[in-house]
Every structure is written in structure tokens, then in C-alpha cells.
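In: Okay, sequence plus prediction incoming.
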Amino acid sequence: MADKSNQNIEKNIPEKGPLNFIVGSLTSFLLFIFFYFLSNKIAIYFSLHKPANSSEIVQNISSSINTLIIGLSFLLTFSFAFIGIGLFIVFIRSFFLKKS
């Protein structure tokens, strides 16, 4: 019984084509550009606004959190860039593959 329902679900899923790949690639590139500017603004903000505490422990924790936030924002940024590149490669590759 479970096999029949899985087969029905698989038959109803449409096959992805070049249009899906290019739309996904363009979306990822647009998100990359947006998050790149946002990450730059975050990095500039943290570089201009240093922690104003005299305690060395508080400054170390604050510096660590700032570094973590900047690193994660740039990780998010370049993840979208690589996803966009990968989808664009799949888009180009989809023209060279024969349908079986």
C-alpha cells in the first residue's frame, strides 16, 4: 500500500527544466547582492562602534560576538553566491543532456 502512494507522489512531481534553474540562479544572485551590501554595512558598523567598557573580559566577549556576527553574515552571503553559480552551471548543462 505504501509503495503505491509513493509511486503516485513521484508521478505527480513535474520535472525541473532550464527555466527553473535560471530563475533559481537569478534569485540566488539577487540575494547574494542584497546580503553582500548588508554584510558590508554590518562590518562597517562594528568597526566604527567599538565596545565602550573598561573590563577586558567584556571587551573580549564583545569582540568575539562581533566577529561571529560578521563571519556568519559573510558566510550567508557567499553561500547564496555559490548556490547561484551551481544553479547556473546546471542551467547550462541542461541544454547538453538528452532526455531519456
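Out: That came through fine.

In: Nearest residue to residue 43 in space, please, no chain neighbours.
Out: Among residues not flanking residue 43 along the chain, residue 70 sits closest, at 5.2 Å (Cβ to Cβ, 6 or more residues apart in numbering). Every C-beta, even on glycine, is put in place using the N, C-alpha and C of the backbone.

In: residues in contact with the one you found?
Out: 39, 42, 43, 46 (Cβ atoms under 8 Å, 6 or more residues apart in numbering).

In: tell me which element it is part of?
Out: Per DSSP states H and E: residue 70 is located in helix 56-93.

In: For that helix, which residues meet the burial criterion?
Out: In terms of neighbour count (16 or more other Cβ atoms under 10 Å), helix 56-93 has its buried residues at 62, 66, 70, 73-74, 77, 80-81, 83-84, 87-88, 90-91.

In: Over to stretch 20-34?
Out: Quick answer for stretch 20-34 (16+ other Cβ under 10 Å): 21, 22, 24, 25, 28, 29, 31, 32.
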